[in-house]
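Colleague: What follows is a predicted protein model with its sequence.
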Amino acid sequence: MDDSIKHVEINGNKYCIVRMSAFDAVHFNLRVAEILAKHGINQVESILSMSTKVFGMLNREDHDELLFTLLSKSRAQILNEDGDFLDSWDAVNTVYTAANIADVYLVALECLKLSVLPVATGLKKNIGLDTAVTMRGAMQQLFSSLLKTLTAPSAQNSSSGE
């Protein structure tokens, strides 16, 4: 079975999400770190553990950017008669009511689990980059890790000068 596509059921509705590309997931992580820093959150344990606190602190523009980037890059789709993609407020408003709007966040959480968290874990494991830390620290770690990974050790000069 192709693990890049996931079907989930949330409160009786079936959804389909697709694993976003690795670079989209990296860019999403970096954008989250940037937005968190803008709102004065300097360090977080992880995007998943901080999701409720983060959404409580965001302004509308940042909230919408993160939510709809995550949903659209994951091609989140409700498998109803219309097969609506959840990529804008207009689409969300045709699917959800005030009583079940929280379901869209549960779909977003599934998108995080499928795409973003594995990439963040892989970056931390393979090059030591933790995209959940401050933007400045993350960029420093990234460049430091890339320099270590991409540059070969210089050859030692022999004592005879050859």
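Modeller: Cool, the structure landed. Note that the structure is a prediction, hence the values are computed from the model and not measured.
Colleague: for the helix or strand that residue 68 is a member of, packing partners?
Modeller: Using DSSP states H and E, residue 68 falls within helix 60-73. Here helix 60-73 touches helix 22-38, helix 102-111, going by 3 or more CB pairs under 8 Å, 6 or more residues apart in numbering; DSSP states H and E. Every residue, glycine included, has its C-beta placed from N, CA and C.
Colleague: Which one of those lies nearest to residue 58?
Modeller: With CB to CB as the measure, helix 22-38 is the member of the helices and strands packed on helix 60-73 nearest residue 58 (7.1 Å).
Colleague: thinking again about what came up before, mind listing what's buried along the helix holding residue 68?
Modeller: By 16 or more other CB atoms under 10 Å, the buried positions in helix 60-73 come out as 62, 66, 67, 68, 69, 70, 71, 72, 73.
Colleague: try stretch 101-110
Modeller: 103, 104, 107, 108, 110.
Colleague: export those residues to a markdown table and tack on distance to residue 37 and pLDDT?
Modeller: What follows is those, written out as a markdown table (distance: CB to CB, whole Å; pLDDT from 0 to 100):
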| residue | distance to residue 37 | pLDDT |
| --- | --- | --- |
| 103 | 30 | 90 |
| 104 | 26 | 90 |
| 107 | 27 | 92 |
| 108 | 21 | 89 |
| 110 | 26 | 90 |
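Colleague: so where do the helices sit in this protein?
Modeller: 22-38, 47-57, 60-73, 89-95, 102-111, 117-127, 135-150 (DSSP state H).
Colleague: Of the buried residues of helix 60-73, which is the nearest to residue 12?
Modeller: Comparing the buried residues of helix 60-73 against residue 12 with CB to CB picks out residue 71 as the nearest, at 19.4 Å.
Colleague: what sits against that closest one?
Modeller: 86, 87, 104, 107, 108, 111 (CB atoms under 8 Å, 6 or more residues apart in numbering).
Colleague: Low-confidence regions, this protein specifically.
Modeller: For the chain, the stretches with pLDDT under 70 are 1-2, 40-56, 123-162.
Colleague: ok, now with 50
Modeller: For the chain, the stretches flagged by pLDDT under 50 are 44, 132-140, 142, 146, 150.
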